[in-house]
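[1] return a 3D structure for these sequence lines:
(chains A, B and C)
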Amino acid sequence: MMGRTMFIDPGRCIGCQACVSACRECDSHRGKSMIHLDYTDEGHSVASLPTVCMHCEDPVAPCAEVCPADAILVTADGVVQQADTTRCIGCANCVNACPFGVPKIDLQAKLQMKCNLCYDRTAYGLAPMCATVCPTGALFYGTAEELQAERPGVQIADTFVFGESEVRTGAAMVVPAERVRWPVPGGLPVVEINGEDVRR
Amino acid sequence: MTADPHAPGRRTVIPLDPSLAPPGTRGFRDAGGLPADRWHADQYGETLVPTHCCFCGVQCGMYLRVDGDGKVFGVEPRDHDINRMRLCPKGINAYQQVNHPERLTAPLMRRSRDEELREVSWDEALDHTVSEIRRIQEAHGNDAVGVLGGASLFTEKTYLVGKFARLAVRTRHVDYNGRLCMVSAAGANKLAFNIDRAGNPFADILLTDCLLLAGANVGECFPVLTQYVWGARDRGATLIVVDPRETAVARTADIHVALRPGTDSAFFNAVLHVVIEEGLTDASFLAGHTTGWEEVKATAAHYPPSRAAEICGVPAEQVVQVARAFARAPKAMAFHARGIEHHTQGVENCLAVINLCAATGHLGKPGAGYGTLTGQGNGQGGREHGQKADLLPGGRSIHDPEHRRQICEIWGIKESELPPAGTSMMEMVWQMQRGEIRGLIGICNNPFVSLPNYSVVKDGYDVTEFHAQFDFFLSETAANAHVVFPVTVWAEDEGVMANSEARVVKHNKAQEPPPGVRTDTWVMCELARRLGAGDKFAFDGSRDVFDELRRASAGTVIDYSGITYERLEETGGIVWPCPSTDHPGTPRLFEDGRTYHADGKVHMQAVEWHPPADPYDDEHPMRLTTGRTVAHFLSGNQTRRLGGLVEQTPRPWAEIHPSRGFRNGEPLRVVTRRGSAVYPALVTEAIRPDTVFIPYHWPVPTAANALTIDALDPRSKIPEYKVCACRVERAERIDEVPSPPVAPGQAAYPETQVSRTDPLPPTAPQGRGTSERS
Amino acid sequence: MTEPPEAPSAAEPPGADARTGPPGGPGSRRRGRGSLVVARAAEALPRSVNGRAVLAGTAVSALLVLAIVCGSRLLRDYDSALLPYAVASVFLAFGVAYRYTVWVSAPAARRLLARGWGSFFSADNFRQAPTAVPRMIATYLGFQKFLGARSHARWAAHQLIFWGCVLAALITFPLTWGWFTFTSGTGSGPGYEMRIWGVKILGFDALSVVGWVMFHGLDLAAVLVIPGAAYFLRRRMKDRGAMTGQRFAYDMVPLLALIIISVTGLLLTFSSLFLHGGGYEFLAILHMASVVFTLVYIPFGKFFHIVQRPAAVGMQLFKYTARRGDEIFTCRRCHEPIDTGPYVENLRGTMRDLDLGFDRWAEYCPRCKRVLRGNAYLSQVKKGFQ
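    Below you'll find the model as predicted:
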């Protein structure tokens, strides 16, 4: 995990989409919002989940690995950058390979775009736009120590499990203290679809 | 924005670029084609102007980004101690209003409503307004012209609205849209404490052990306040939410009381009942600092939990649970908002909460206290300095001869020249219907969307002989007026506002107004000059008005005399009362146990529950409640034009429980005794089965306020927005949201409106997920 | 200054090597925790790929030398003053071939290459849509329509650079390889003949318009390139979006190189026309040095996109072919289209090659992935605040 990174706590999220609007204000991709906000419990509750790039560390950024044009750069500080504009051919491999569903694509411009942790801000020590404005701290930017100082008793998990595979990420999820050693479920295997058990 | 993968004729012609990508990966939630979208940041020549958000009563600090040409082009978070860099989606998009293409830039006028509005010169518009006011007043008396203000104006301007109405128009009829907001809390606060403001600052929330939120959808209406709520919980506080809907804060609350709308006072009386039964009262506080306890106690005795369970439709155990959690907590706080205030017993509901706080001694201590969350940006400041029908600057009463004398002296008029009290906003509309008020000047309000029972409101305005309206976008109300004055947005003028904590904050001017646009101050002063009262309105700008306001408030409870622009800029805000320039302000009230009554006591008032004004019957068995959604503000005149917010929540919906048998997205007709409208159903378990919720930010034919009842609280005159009787039925097709009105000949921005016609409800009350239908 | 002065060293340019992805076949993946990205490319490049790449580079440069020798009629037509340029182009050939081999050895590129050429050589495809390939080449490689969707100004500037460079390349490479000769029957004009490989292609009058264009082709190219490159340079110094993560070596050097080449080239003409050759020697050396540098730089920096961009045509052709066959793959949960069936299959193959064990996940759209993950968090980690 990176030193200062993003911590996500869906339990605090109020689904207000301040992050979505703030993302648009980031100078590195002004006018375009990269963050995802999904209401995951539709029809039952107002629960919501913000999704920023998790900056995968192991395996190293699947998006970059499946890129046929070497367009996705991982900088030395562990930030998975958005596609290099000169190289990206708009094939959408990254869009569909990302286990977290992060990258977006402009089909007309033949260009992938994704959360780059507001590199124009984080490179200067500022927090990314979304975490700066998040009214609830569901998106928190800082070190794990800073997080725990503000929220006594929380733990973090930076490993997700997708089926048999584990993905360790540069950003992390907030988990209850007793869950610290467990990987966070990534949603695969899929157990049910729209209320229907699909485990067979 | 993106190619449709199901484009017709794909068998015949395949475009070279098949343009296929999964849903939600192609749309970028841009600013909806607004120029803001294309304003790129330049490395050089950018300045940050510190100011505050123009929207809700939290008054978050923000920087506006101004480019080398002096144009506002963006927003930057500001580490102000109210919000600590946090902003909500409204706040982030607020700057886009400043250079919005739909801004009004020339006065609009017509001589009768049969004509179209046309652009005229300022002189023509002002002269016509003055001659119409004179004509009506000569024929029907001074009181035949009314003035309606607003609580999104700077405090200086709200002061000026009161003075303008009484000294320039010389009418008793002046009121403002705060009447639709939190006047019930104001009434209750005056009765109990004789001071009209929240008792504790936001920061106290972090210190509390138990937080009670009653009728306050903090997550959507005051999103930035959530950080305080969560901060308290991080430190172990218990969260109790009283709300018919499972809102974002209620979802994870320790106790969520999903009571029936309109039963709050029964619930709080029952809580008090348990507190008394279980001996959890603070006897010494009651003995030393309150009056009326015996009556309150006697009334509470009639509300055992079983009765509350029946009235409120919640388990009796929950009443006990809440009572124990609140009363046993070493420090507890209660905050309420429109949910309990928008009732025909709004004042009583607030008093019931105050009684609970007083009985448990949770008042006036760090982490223990009581407050109301004001909804409008200047909801607090707007009610302080005389634009309310019965108040004069400094919160003085217009009935009190001593207060009248003081103000007449400050204003330099004879006491006989100061009109008596007027009527409330809704009552003024009724008077317009009856022909008692024939001319109206509206400043910063949009009653066509915000007042209840639209058909009455429309009728009242339509029969008015002359109507002038101040606004920066052509609101639904302004589009119906005779004269529309184009005025500044908040970032084009300076002034102060007071937030929910009664903290006075300074808004700074970030850019010059566009050509043709004037400040509200200038327009009011100019009208006053032409009405012959120019000597009383020799103000060059907000600073001059603020100086007079300081003098006018000196020595009152709402004392601004120690507050100066310079101090506000240095400190980031001062909480009144602040009687001298070396006074630090008063963030927490009642710390010495004394209220602002002469005897220094909390005047507890016994409260009886009574059913809402609109009776239920077989035709109207369900409860309709209305409220806000996070992406929009009040009547939506500002937010329905901002692409990002329209994209988030393009249209209203009717929220209904699955047990009612509707499918999500199905057209649902909601019928009340006043009207009906068809909305897409948002089917969710997060609402009571007997309740329907509709957000109110949209105009007819999708206006929630075409359905609500214009019944008023007898004391505060607040309309009962939060409950009325209704039924739901299946319908053929939903009513479409109209596009916001624009000035004749002006180019509307269709890109901001692309998703407005989306026939489906949002995914959740907070809006559409970012991948929905994109 | 392009690097933000306060930027932490972590943001320093890790160089072209930092790009992840290309190197390493299936066997070379390191699954060790904490594998460092920066070091990875160089370290993980397996011997076999490196060997193949060296071989390819050597072969291509040898072929080029051969072509130079033969094309200049055994060096009879060769202008020895242009030797450094020719040597640089041999290095360029080696570098490009080497980098290209490394690039297409990575699973994603290799598979796409195969799929792209497969569609290209499909007789069926050609019969059904004979114009597809030329149209795609014109759209994506020639007129670069996609750049217009990013920004009209950037499209215009890039078109200037592109056509300028194409013109310059068409003139200089054959010239420096001794393939072109201009001979005069009379020994000193004005009638000239242009010959390729010794064969006369056309004769022209040096004083005519054609003649002027023939002799000032490179000046024209420079006039096209300078405003284009200057626009990009200005943007890189001003626009905060463009500056994010910008690196001097990667982003600025190519622009500076183009401008220096163009300006010195124009000055050479200026010198010979108006200064009677004043400063010509110095300018010629400067010009040559910048050109040589640029040529050698092509395989390693930003200019490599020139070599890579045709992959866009292959990718598009592959998707287009599948789309014609109406093979749309839809999300298994929400049934919204994801992409074409063969594309999803190809992606899953790539993921398997890379040992990414969640290729099944590609059958779900990104939104459903997030919703399923959100639900899993709600049901298995925590429902609410604590």
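[2] tell me how far residue B:735 lies from residue A:86.
    Residue B:735 sits 49 Å away from residue A:86, going by C-beta to C-beta, to the nearest Å. Placement of C-beta: from N, CA and C, glycine included.
[3] name all residues that make contact with the residue of the stretch 451-600 of chain B found nearest chain C.
    At 19.5 Å from chain C, residue B:510 is the closest residue in the stretch 451-600 of chain B, using C-beta to the nearest C-beta. Contact partners of residue B:510, counting by C-beta atoms under 8 Å, 6 or more residues apart in numbering or on different chains, are B:49, B:51, B:64, B:66, B:72, B:98, B:491, B:492.
[4] make it 7 Å
    Each residue near residue B:510 by C-beta atoms under 7 Å, 6 or more residues apart in numbering or on different chains is listed here: B:49, B:51, B:64, B:66, B:72, B:491.
[5] what segments of chain A are helices?
    In chain A, the segments counted as helices under DSSP state H are A:18-24, A:62-65, A:93-97, A:119-122, A:129-133, A:144-150.
[6] could those go into JSON lines alongside distance to chain C and mean neighbour count?
    Formatted as JSON lines, the helices of chain A follow (distance: least, C-beta to the nearest C-beta, whole Å; neighbours: other C-beta atoms under 10 Å in any protein chain shown):
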{"stretch": "helix A:18-24", "distance to chain C": "12", "mean neighbour count": "28"}
{"stretch": "helix A:62-65", "distance to chain C": "4", "mean neighbour count": "26"}
{"stretch": "helix A:93-97", "distance to chain C": "5", "mean neighbour count": "29"}
{"stretch": "helix A:119-122", "distance to chain C": "4", "mean neighbour count": "23"}
{"stretch": "helix A:129-133", "distance to chain C": "12", "mean neighbour count": "28"}
{"stretch": "helix A:144-150", "distance to chain C": "14", "mean neighbour count": "14"}
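[7] now those helices as CSV including distance to residue B:758 and mean pLDDT?
    Shown next, in CSV, are the helices of chain A (distance: least, C-beta to C-beta, whole Å; pLDDT from 0 to 100):
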stretch, distance to residue B:758, mean pLDDT
helix A:18-24, 17, 94
helix A:62-65, 31, 94
helix A:93-97, 24, 94
helix A:119-122, 33, 89
helix A:129-133, 25, 95
helix A:144-150, 38, 93
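[8] what's the neighbour count on residue 32?
    Because you didn't say which chain, this covers chain A. A count of nearby residues for residue A:32, using other C-beta atoms under 10 Å in any protein chain shown, gives 19.
[9] right idea, wrong chain: chain B
    By other C-beta under 10 Å, the residues close to residue B:32 number 24.
[10] what sits against it?
    B:643, B:644, B:646, B:647, B:751, B:752, B:754.
[11] swap in residue A:79?
    Neighbour list for residue A:79: A:55, A:116, A:117, A:119 [criterion: C-beta under 7 Å, 6+ apart].
[12] in these, find the pair that's most separated.
    The span of those, defined through C-beta to C-beta, is set by A:55 and A:119 at 11.1 Å.
[13] quick one: low-confidence parts of chain A?
    Applying pLDDT under 70 to chain A picks out residues A:1-2, A:179-181, A:199-200.
[14] in it, where's the longest strand?
    Assignment by DSSP state E gives strand A:165-176 as the longest strand of chain A.
[15] do chain B as well
    Assigned via DSSP E, chain B shows its longest strand as strand B:675-683.
[16] after that one, which helix or strand is next? Please name it.
    strand B:691-695 (DSSP states H and E).
[17] and the helix or strand just after that next one, C-alpha only, in PDB?
    Remark: after strand B:691-695, the chain's next helix or strand is strand B:724-730, criterion DSSP H and E. Written as PDB, here are the backbone C-alpha positions of strand B:724-730 (Å, rounded to 0.1, in the frame of the first residue of the first chain):
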ATOM      1  CA  CYS B 724     -51.500  15.500   3.900                       C
ATOM      2  CA  ALA B 725     -54.000  12.800   2.900                       C
ATOM      3  CA  CYS B 726     -53.600  11.200  -0.500                       C
ATOM      4  CA  ARG B 727     -54.300   8.100  -2.500                       C
ATOM      5  CA  VAL B 728     -52.200   6.500  -5.300                       C
ATOM      6  CA  GLU B 729     -53.500   4.900  -8.400                       C
ATOM      7  CA  ARG B 730     -52.000   3.500 -11.600                       C
END
